[in-house]
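1. below is the sequence, then the predicted model.
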Amino acid sequence: MVQTIIEAEGLSKRYGETQALAGIDLSVPAGTILGVLGPNGAGKSTAVRILTTLARPTGGWARVAGHDVVTEAGEVRRRIGVTAQDATLDEALSGRQNLRMIAELSGLRRADGASRATELLDRFELAHAADRPVRGYSGGMRRRLDLAASLVANPPVLFLDEPTTGLDPTSRARMWEVIRELVERGTTLLLTTQYLEEADALADRIVVIDHGRIIANGAPSELKAAVGGTRLEVTLTGPHDGAVGALAPLVAGLVDVSSDGRQLRAAVPAGSGVATAVIRALDAVGAVVDDVAVHPPSLDDVFFALTGADSPAAGRQAAGAGPVAPPRLPSQASGTGPAATPDAVPAAHSDHLHGAL
Amino acid sequence: MSQLAPPLGAPVSPADSFGGPARVAPGSRALRDVIVLTRRNLVHVAREPLQLSDVLIQPVLFTLLFVYVIGGGVSVAGGSYKEFAVAGLLTLNLTTAAIGTAVGITTDLKTGAIDRFRALPIWRAAVLVGRSLSDLLAAALCMTMVVLTGLAIGWRPHASVLEFVAALAIPLLFAYALSWATACLGLVSDGPESAQGIGLVILFPVAFVSNAMVPTAGMPAFVRAIAEWNPVSAVTAATRDLLGNPNPSALSDAWPMQHPVAAALLWSVAILAVAAPLAVRLYRRRTTD
Ligand SMILES: Nc1ncnc2c1ncn2[C@@H]1O[C@H](COP(=O)(O)OP(=O)(O)O)[C@@H](O)[C@H]1O
Ligand SMILES: [Mg+2]
């Protein structure tokens, strides 16, 4: 029988006027990764704080490793590791001192804590900086140390709140490797992220949350299928009547045209030569192309697909979004110019998507 | 619900192994949490010795300032100002340095360190107790600086070893109690800066409207009454008595000045009895959201 390690029902949290969580249900089987995907302010950290006993829910309940997060908080704390969104490392202590301190506070004997610290520092490639104060660590090193700290006591359940936000691509890739390794060892993991790509790369299941609600829930493949796989964005020198028709055979689904008629967006089947084919087809109808971009779907694309509206992240994403923040999509087609063609309607609506997931 | 066994091949939390008979007794776990957190605070101090200016430099500065600049104009019955001043400087420096506890706690709240501790299976009050103990060590250092500076400029205790130890233990106990009081302040303030600001506005008058630096005899009646019932005065008078240094307050009729040792102990215990449970409650409230 597969055990459910993290479960929640109707979990909600209100801060004054703000409904940070508006009733979410979760069910995470042992040894799997749940990706919680959502823009800034969606309620991800609130959910993590409740599940890790740092905040009390104002409604609903949650159990982690079989223990209620409110009434059996102590039992939950013995079984979890947490890496908060903002590093909670001790800046004045060295990496080793941080790990040893957490080891001892987690109940390891002194000698065991010391050897565990050494082991983790090696594994996270921090041995060279082990005895320097954390103050001098780079962003990537801090994140790795923070993750190491949450692994000190070898917890069966791990919570990582945006573990790669703000990291450069190399540090991200290393973080992903470590996370994958963890799950191979049987750890159950809840991971929050703003990047669809990350949830896709790591998670067994994804829940998409926005404004404290789950708006989609499924396997990454289902979510991606719903969003439409690879995204194509074409910028023309000027609007062109034949452009949509020229792209139609190459894309999956509908073409979205911006109000000025210069930006065309669509989902395309993954495969090689897409950009070449697109340029040839547009050239053949006499449309002049300024720019072609083919990229994996971003959180914005997910929101666009799920709600037919731009990601709320676009407006709310402030500092700290990191170098790999999802690209901002041009605004929705209006009824002027070539965009008025029947093709140019929103790609999908949430109703039929919920069915698909 | 019964406890879930981890799936095959899953890492087993060491905490789970504590669930069995090998579990460390809760009492000794709490003690260990306190030791670990106290040590952590001491590492902080070692890494940032500037934090110690309150307890290293200020005592020396105040001692020299009062004895050589201000004390010149103060006459003390039964001895020199120098002989009179050192016990007062002990209490004065310990009182103002007590603000360190508020600053330390607000800093830990601000940096998220306390969040990290809270997600660990530790004794809740360990964060506060650890802070109070590391600050007690800082207070002992502060006291040592005053005593050494005093000795260097020619002050001498006239006491037995036992009296000398008691003379130092009384202000130290008072500092420990005050430390819990400023912890309460830290737990209700926004950040280290405001805690320090508000704390000093409260502690400076408390430290100075006392017999610590000048005899109370020359004060207006109203101020004098406050000064004689100020715990700082009781602690200072007790220290002067035990050190065999001039203690003009002995001439006052106020009960605390007639029984300074008892008054100092009562004040310290009373502050501790109110502030420590209050700090734990405030901590609980501050860290519950
Ligand atoms: N301690 C708090 N006090 C008041 N509002 C909060 C607090 N924590 C979070 N919020 C609000 O709750 C909402 C969800 O925040 P959060 O869970 O941090 O989102 P995310 O982690 O997805 O970015 C936001 O509108 C945020 O401003
Ligand atoms: Mg967050």
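-> Happy to help now that I have it. Ligands and ions are numbered 1, 2, ... in the order given.

2. isn't A:Ala267 right next to A:Asp256, touching?
-> No: checked against Cβ atoms under 8 Å, the pair A:Ala267 and A:Asp256 is beyond contact range at 9.7 Å. In short, each C-beta sits where N, CA and C put it, glycine included.

3. mind checking the SS state of A:Pro57?
-> Following DSSP: H, G, I helix; E, B strand; the rest coil, A:Pro57 is assigned to coil.

4. buried residues of the helix or strand hosting B:Leu162, list them for me.
-> Assigned by DSSP states H and E, B:Leu162 belongs to helix B:161-188. By 16 or more other Cβ atoms under 10 Å in any protein chain shown, the buried positions in helix B:161-188 come out as B:164, B:166-168, B:170-187.

5. pLDDT weak spots in chain B?
-> B:1-27 (pLDDT under 70).

6. residue of it nearest ligand 1, please.
-> B:Asp289 (5.4 Å; Cβ to the nearest ligand atom).

7. how close does the residue nearest to that residue when sequence neighbours are not counted get to A:Ala87?
-> Nearest non-adjacent residue to B:Asp289, counting by Cβ to Cβ, 6 or more residues apart in numbering or on different chains: A:Ala55, 5.0 Å away. Remark: distance between A:Ala55 and A:Ala87 (Cβ to Cβ, to the nearest Å) = 19 Å.

8. name the residues that touch stretch B:72-81?
-> B:67, B:71, B:83-84, B:214-215, B:245-248 (Cβ atoms under 8 Å, 6 or more residues apart in numbering or on different chains).

9. spatially nearest residue to B:Trp267, not counting backbone neighbours?
-> B:Pro231 (3.7 Å).

10. over to B:Ala102?
-> B:Gly186 (3.4 Å).

11. residues in contact with the one you found?
-> B:101-106, B:109, B:195.

12. distance to B:Ala139 and secondary structure added to those residues, as a markdown table?
-> Formatted as a markdown table, those follow (distance: Cβ to Cβ, whole Å; DSSP: H, G, I helix; E, B strand; the rest coil):
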| residue | distance to B:Ala139 | secondary structure |
| --- | --- | --- |
| B:Thr101 | 10 | helix |
| B:Ala102 | 14 | helix |
| B:Val103 | 14 | helix |
| B:Gly104 | 13 | helix |
| B:Ile105 | 16 | helix |
| B:Thr106 | 19 | helix |
| B:Leu109 | 22 | helix |
| B:Ala195 | 18 | helix |
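
13. closest to A:Leu247 among the residues you listed?
-> B:Leu109 (55.6 Å; Cβ to Cβ).

14. OK, contacts around that closest one?
-> B:186-187, B:286-287.

15. quick one on the thing from earlier: I figured the residue nearest to B:Trp267 hits B:Val269, correct?
-> No: B:Pro231 is not in contact with B:Val269 according to Cβ under 8 Å; the separation is 10.9 Å.

16. still on that earlier bit, so of the contacts of stretch B:72-81, which ones are in helices?
-> Filtering the contacts of stretch B:72-81 for membership in helices, criterion DSSP state H, returns B:83-84.

17. which of the contacts of stretch B:72-81 has the most neighbours?
-> B:Phe84 (30 neighbours; other Cβ atoms under 10 Å in any protein chain shown).

18. where does A:Arg49 land in three-state SS?
-> helix.

19. is it correct that it is in contact with A:Pro57?
-> No: counting by Cβ under 8 Å, A:Arg49 stays clear of A:Pro57, with 9.8 Å between them.

20. what about those two, which has more around it?
-> Legend: neighbour count by other Cβ under 10 Å for A:Arg49 and A:Pro57, higher for A:Arg49 (25 against 22).

21. what residues are up against the more buried one?
-> Neighbours of A:Arg49 in contact, by Cβ under 8 Å, 6+ apart: A:55, B:289.

22. same thing but at 7 Å, please
-> A:Arg49 makes contact with A:Ala55, according to Cβ atoms under 7 Å, 6 or more residues apart in numbering or on different chains.

23. how far away is A:Val104 from ligand 1?
-> Rather than Val, residue A:104 is Glu. Counting by Cβ to the nearest ligand atom, to the nearest Å, the gap from A:Glu104 to ligand 1 is 29 Å.

24. now do the SS call for A:Asp260.
-> coil.

25. buried stuff in stretch A:25-41?
-> A:26, A:28-41.

26. filter those residues down to just the ones in strands.
-> A:26, A:28-29, A:33-37 (DSSP state E).

27. widest-spaced pair of those?
-> Farthest pair in those, by Cβ to Cβ: A:Pro29 and A:Leu37, 18.5 Å.

28. ok, whichever residue of chain A sits closest to ligand 2 - contacts?
-> Residue nearest to ligand 2 within chain A (Cβ to the ion): A:Ser45, separated by 3.1 Å. A:Ser45 makes contacts with A:85, A:161, as judged by Cβ under 7 Å, 6+ apart.

29. and it, what helix or strand is that in?
-> helix A:44-51.

30. separation between B:Ser179 and B:Ala138?
-> From B:Ser179 to B:Ala138 the distance is 9 Å (Cβ to Cβ).

31. er, B:Val214 I mean
-> 27 Å.

32. over to B:Leu185?
-> 17 Å.

33. what's the answer for A:Gly139, then?
-> 33 Å.

34. what about these two, which has more around it?
-> Just comparing A:Gly139 and B:Ala138: by other Cβ under 10 Å the higher neighbour count belongs to B:Ala138, 26 against 13.

35. A strand includes the more buried one, no?
-> No: counting by three-state DSSP, B:Ala138 falls outside a strand, being helix.
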